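> Kindly generate the corresponding structure for this input.
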Amino acid sequence: MSEKTSALVDLSHIIENGLVTYKGLPAPIICDYLSREKSKEVYEAGTQFQIGKIEMVSNTGTYIDCPFHRYENGKDLSEVGLEAFADIDGIVIRADYRKELAIGADFFKEKDLQGKAVLVNTGWDTHWNTESYFQNHPHLTADAAEYLQKCGVKLVGIDSMNIDSIQEKSRPVHSILLASEILIVEHLCNLGNLPDTGFTFSAVPPKVKGMGTFPVRAMAKLK
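Residues are numbered from 1 along each chain as shown. Sure, this is the predicted structure:
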């Protein structure tokens, strides 16, 4: 009898040269540091390598926010344990952007949220890499963040450009969640392909000192 294998669902956008993730932040520059052609000058005949180079801001593609992103004395990427990034029991909350942009606490009530990765599926990822993606996007409200904090969630993710509204200068959702070391993942995709429950979520960044945000390969593992 063959072993049953669990399905993996990719929840990340592709990062490519020139991609604009957030209006006002520079796009990544992805190029060769050492091209295969140039490597012919270094290695023996028939042996070629490519060494790539990327220049980008940390808020590029699908990324995770740690407390240091918001708070000077908060934990950075290197100080957060792997258990906060990987194999977290997940739950999907459906909040169709065509019905509601401001996602309040009521969306999360009467749900088993403690210790979970709470992923908010709005459908906004269908606008990815278009001008519409940056305009009037779905977001959580301060009362939703307070409710999630009280429920003891482990991580909150969303498939839009920001978990906060950007109509004002304040960022209450970031402030509330990151103050409680609840990690945030933004710019997710494909959440519509997940069941409401019955999966684990992972979004693991590199172990970088002095940085609070970095791109991740976010994924779900169906049980």
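
> quick one, what contacts the residue nearest the centre of the chain?
Note on the chain: the residue nearest the mean C-alpha position is residue 185, at 3.0 Å, using Cα atoms, centre = their mean. Taking Cβ atoms under 8 Å, 6 or more residues apart in numbering, we find residue 185 in contact with 62-65, 119, 155-158, 203, 216, 218. Quick note: C-beta positions are derived from backbone N, CA and C, even for glycine.

> Who does residue 199 form a beta bridge with?
Beta-bridge partners recorded for residue 199 (DSSP bridges): residue 222.

> Relative to residue 119, how far out is it?
According to Cβ to Cβ, to the nearest Å, residue 199 stands 9 Å off from residue 119.

> Need the overlap of contacts for these two.
Joint contacts of residue 199 and residue 119 (Cβ under 8 Å, 6+ apart) are residue 90.

> which residues sit against stretch 83-93?
64, 107-108, 111-113, 115-121, 154-155, 181, 183, 191, 194-197, 199-205, 216, 220-221.

> Please check those residues and keep the buried ones.
64, 107-108, 113, 116-121, 154-155, 183, 191, 194, 199-205, 216, 220 (16 or more other Cβ atoms under 10 Å).

> Relative to residue 80, how far out is the residue nearest to the centre of the chain?
13 Å.

> List the contacts of the longest helix along the chain.
Taking DSSP state H as the criterion, the chain has its longest helix at helix 142-151. Helix 142-151 has contacts (Cβ under 8 Å, 6+ apart) with 103-105, 107-109, 113-114, 118, 156, 172-173, 176-177, 180, 182.

> show me the contacts for residue 100.
Contacts of residue 100 by Cβ under 8 Å, 6+ apart are residue 138.

> Residue 211 too?
58, 68, 76-77.

> and of those, the nearest to residue 17?
Checking the contacts of residue 211 against residue 17 with Cβ to Cβ, the nearest one is residue 58 at 17.0 Å.

> for the chain, what spans make up the strands?
Secondary structure of the chain (DSSP state E): strands located at 8-10, 29-34, 51-55, 63-65, 88-94, 102-103, 117-121, 139-140, 155-158, 183-186, 199-202, 213-215, 219-222.

> nearest residue to residue 180 other than its sequence neighbours?
Distances taken as Cβ to Cβ, 6 or more residues apart in numbering place residue 149 nearest to residue 180, at 5.0 Å, with adjacent residues excluded.

> Please consider this matter closed, and thank you.
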